[in-house]
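[1] just a sequence and a predicted model for now, questions to come.
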Amino acid sequence: MSLIGGIRPPIAVLSVLLLSLAGITALVLGRVDNAGVPKAVLTSQQHFAEDGAIALRASIDESVTDLTRSAALFSAGQPVTGDAVLDKLGSSYQKWMGTAVVEIRTGKLVAARGETVPLTSVNTATLGDEGGLSPRLVKLKNGETRLLSFALLTWPGRPQLLLVASSTLKAPGISLGPFRSIAVVDADGSVLSSDGIPEPEQTRNRADRVDAKASRKQLKAFAEIAARKAKKDPRTTKEPGMGGYQGVSGSLLGGHVLSDRSVAGYAALAAPEPGETTTASGLGLSVVAMVKVAEDPDRPGSPVFGVLAAGALLVVGGIAVAVLLGTVQRPLIRLFLESRRLTRGDLNRPVTVPGYGETRRVGTALEQLRRQLLGESPEQTGPTPRQSGLRRVGTPAVLAVCAVLLMAWSAPLMLMVNRADSTAVVPQQLVSDQRERTDTLSDRVRRGLNEGSADLESVASLIGNKTEPDAMDKVLERTLNENHRYRSLYVVDSSGEILTREGKEPKVIRSHRVSSSPIRLLGRGGKEPVVVGNAEIPGRGGAQLVGEFRVEFFNALLTRPGLGVVRLVDNRGGIIAGNTGFLAFHSLPDGHLKDLVAASGQRLGKKARANGVLYREHGVRIAAAAPFNGGGAAESLGWSVVSWQPANRLAIPEYDAQNRTVLAGLLGAAAAVACLGWLHIVVARPLRALAGRAEALAGGDRKTVLFPQHHDEVGAVTRSLELIRQQLQDQRRQQPRRTPPPASAPPASGPQASGPQISAPQQYTPEQYTRN
């Protein structure tokens, strides 16, 4: 018999799979999660820290790029004083705590604005060395840390000047919400800056002071752990193919304070693309975000369900296997033995005929053939009797009954049991995190628009009225290469005629190119939104610098894991950008989301605030909306960022139990379909064909040769029937001829006219009739 054919392997495999699935069901469905803090909350803190790291990295890199580009543009023009340089920088950008211009040769301070820049830590003699102009961290006397950035101002015939800017290390635009703190940590685990924990003088009573002290101690402990983990290779901290954040990130569990527990996420600053290195990612900084969450020690969970499900599977699986053994396997093996007995010449004992289906038909045919081998004719043995009642039930029907039995266990697990939508307890922290992270995204988009507008104003002011068209081309080309937010940059006169252009063909028609609004949204009714920034060039008679933003720039800002679907909508509710596919200017897909955006746009006091909601209608969903807040040219647009995601995609215990239950049902259904389908292919179909051939042979068909298709029980019975056919043919040849009538007599007509030629019986071995 073949090792993979026949009836035994499918039933044996089905038995093993059902036993294994019963064990897995008892262990997995009966598992109780006693962590207290759901995994979804830990993952959310990790994403929160990643948001902070992305914002800090973008802020540092953008700051260095703006300073370097501004210095290059100043150096390309006419010489100006240090005060003029700092005044123009201050009018375009408000991102630095302090700026200064120093003469490199003498070390003399030429000009300064804002807070005092710690120039004593700058060694002008080493600026020409490799990495001499790289940003560096400097600690002030009051314990705060500043990041110093450098750029050179060079004019022919003038002393070379050093432009220095100092900035803080706080992650910009991160919405913390209540009970959360965030810190920037260096490679040694020292906290360089923190926010969210009140200082001792800010507390109202002793309990608040004790709580703030404990929080500060816990944050310091988290910072040391995060610094050690941040030194690992990101490729070793994540599973292959996970994607997401490019740097090292994770979550941490802290100690208990009454019923609360400290949870933190950490993320090392990393370049946006793998394999790249930016200024910020080379500083060895990490961001740690900490929050206190309430544990739920009474969360339901019991191993009883898993044990009951496993027991039910054992009962159902045992019945199905017993049915297969009793009605398919044993009758078929009995037929195999009976057919072998007949081929060996043991014809005295009647054939044991099975009770049902195709095996009964084959057994009845074998009994008729046995009688024919004893000398009876097919007419004497009679036709094969028709089956009636339960005896008509064939092997396919038996397989269908077994499939129904197994699906009776699998289907409820997949569709009905352990449904979590009505019982799931979604932690309030997840709703808060969705709101705060959406608010952070809204601020990122607003800052990106403001930065773009500031860049246009800075470049426009540096172009002025003395820059030649050739020089303008170089300025626009450099600006376009350094800023991936623009798809096209061009200078137009007061009538909208393009004087010089870099990038793609403009989408704005001539009559709409000149505007007094710094940022506009055009393209309504079209297939793609067009966001345009304008900045007037001084001294050129109303000429303006126009920049068209790339939609992909906004899409990239909105792409963050753990937020679900994210959309940027305008003041009319039309979609402008998103982290997944969308139709431009179409409305949001749900009335609840539209109401949420409208509610978040209502001002509470001086400004509107972000809102987060948990919906249980048509499935549990978490949604949040955050309008533009914080000033700048972009705030007047009235845009909002809205995000939503179904709760069943989060690692909440109730949904984890539901997913494991569905998985168990799917595994059971897969095992049933695979093994019963296997039986149908290798046993049921060949057995039905064999029954028809056996009945034809018993009915007198001696010409059709029976070829076995497989080396299994059905194939063995087929070989035996072929041998019986040959024996019947030899038996017919050995019958004596009738004496022919006299010549004068008329010739006889009919089948008795001429008898068969008698020849010696010829024996055939079974191997001669075996086809692989």
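    On my side now, so go ahead.
[2] can you list contacts of stretch 157-165?
    Defining contact as C-beta atoms under 8 Å, 6 or more residues apart in numbering, one finds that stretch 157-165 is touched by 63, 67, 70-71, 79, 82, 85, 89, 96, 98-106, 110, 117, 119, 122, 124, 127, 148-154. Placement of C-beta: from N, CA and C, glycine included.
[3] list the buried ones in that stretch?
    Neighbour-count burial for stretch 157-165, with 16 or more other C-beta atoms under 10 Å as criterion, is recorded at Leu161, Leu162, Leu163, Val164, Ala165.
[4] is it possible to export those to CSV including pLDDT and distance to Leu283?
    What follows is those, written out as CSV (pLDDT from 0 to 100; distance: C-beta to C-beta, whole Å):
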residue, pLDDT, distance to Leu283
Leu161, 90, 25
Leu162, 90, 20
Leu163, 91, 20
Val164, 92, 17
Ala165, 92, 16
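[5] nearest to Phe179, of those?
    Ala165 (34.3 Å; C-beta to C-beta).
[6] where's that closest one, which helix or strand?
    Per DSSP states H and E, Ala165 falls inside strand 161-167.
[7] and Val102, by the same measure?
    strand 98-103.
[8] any idea how far that strand is from the middle of the chain?
    Computed by C-alpha atoms, centre = their mean, to the nearest Å, the chain-centroid distance of strand 98-103 equals 49 Å.
[9] distance from the helix or strand following it to the middle of the chain?
    Toward the C-terminus, strand 98-103 is succeeded by strand 109-114 as the next helix or strand (DSSP H and E). Here the centre of strand 109-114 is set off from its chain's centre by 51 Å, with C-alpha atoms, centre = their mean.
[10] stretch 563-579 now?
    21 Å.
[11] kindly report the same for stretch 51-60.
    That offset, for stretch 51-60, works out to 24 Å (C-alpha atoms, centre = their mean).
[12] what's the strand holding Val102 packed up against?
    helix 82-92, strand 109-114, strand 161-167 (3 or more C-beta pairs under 8 Å, 6 or more residues apart in numbering; DSSP states H and E).
[13] now it against strand 109-114, angle please.
    180 degrees (axes from the mean of the first three to the mean of the last three C-alpha atoms, to 10 degrees).
[14] one step back: so which of the helices and strands packed on strand 98-103 gets nearest Leu14?
    Closest of those to Leu14 is strand 161-167, at 67.8 Å (criterion: C-beta to C-beta).
[15] C-terminal to the closest one, what's the next element?
    Next element after strand 161-167 (DSSP H and E): strand 180-185.
[16] for that next one, which outside residues touch it?
    48-49, 52, 56, 169-171, 174, 176, 191-197, 215, 219, 223, 226-227, 266, 285-291, 436.
[17] where does pLDDT dip in this structure?
    1-5, 30-35, 237-243, 258, 296-302, 382-392, 422, 605, 735-772 (pLDDT under 70).
[18] list the buried residues of the longest helix seen in it.
    Among the segments of the chain that qualify as a helix by DSSP state H, the longest is helix 39-76. Buried positions in helix 39-76, judged by neighbour count with 16+ other C-beta under 10 Å: 40-75.
[19] and the contacts of stretch 100-112?
    Residues contacting stretch 100-112 (C-beta under 8 Å, 6+ apart): 81-83, 85-86, 98-99, 113, 117, 119, 122, 124, 127, 153, 159-165.
[20] quick one: Lys607 from Ala598, how far?
    16 Å (C-beta to C-beta, to the nearest Å).
[21] please read the previous query as pertaining to Thr479.
    For Thr479, the distance to Ala598 - C-beta to C-beta - is 38 Å.
[22] neighbour count winner among these two?
    Comparing Thr479 with Ala598 by other C-beta atoms under 10 Å, the one with more neighbours is Thr479, at 22 against 12.
[23] and for that one, nearest residue in space, chain neighbours not counted?
    Leaving aside its sequence neighbours, Thr479 sits nearest to Val459 (C-beta to C-beta, 6 or more residues apart in numbering; 5.4 Å).
[24] residues near the one you found, how many?
    Close neighbours of Val459, defined as other C-beta under 10 Å, add up to 25.
[25] distance of it from Leu476?
    From Val459 to Leu476 the distance is 8 Å (C-beta to C-beta).
[26] picking up where we left off before, going by neighbour count, which of the contacts of stretch 157-165 are buried?
    Buried among the contacts of stretch 157-165 by 16+ other C-beta under 10 Å: 63, 67, 70-71, 82, 85, 89, 96, 98-104, 110, 117, 119, 122, 124, 148-153.
[27] count of neighbours near Thr423?
    Thr423, neighbours per other C-beta under 10 Å, totals 11.
[28] do the same with His592
    Using other C-beta under 10 Å, His592 is surrounded by 16 other residues.
[29] ok, of the buried residues of stretch 157-165, which one's closest to Pro303?
    The closest of these, once distances to Pro303 are taken by C-beta to C-beta, is Ala165, at 61.6 Å.
[30] contact partners for the spatially closest residue to that closest one that is not a sequence neighbour?
    Distances taken as C-beta to C-beta, 6+ apart put Trp96 closest to Ala165, at 4.3 Å, once the chain neighbours are dropped. Contact partners of Trp96, counting by C-beta under 8 Å, 6+ apart, are Ser63, Leu89, Gly114, Ala165, Ser166, Ser167.
[31] same question for Leu29.
    Residues in contact with Leu29 (C-beta under 8 Å, 6+ apart) are Phe305, Gly306, Ala309, Ala310, Asn418, Ala657, Arg660, Thr661, Ala664.
[32] neighbour count, distance to Gly255 and secondary structure added to those residues, as CSV?
    CSV is the format used below for the contacts of Leu29 (neighbours: other C-beta atoms under 10 Å; distance: C-beta to C-beta, whole Å; DSSP: H, G, I helix; E, B strand; the rest coil):
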residue, neighbour count, distance to Gly255, secondary structure
Phe305, 17, 33, helix
Gly306, 22, 32, helix
Ala309, 26, 37, helix
Ala310, 21, 38, helix
Asn418, 20, 33, coil
Ala657, 24, 28, helix
Arg660, 19, 30, helix
Thr661, 24, 34, helix
Ala664, 26, 37, helix
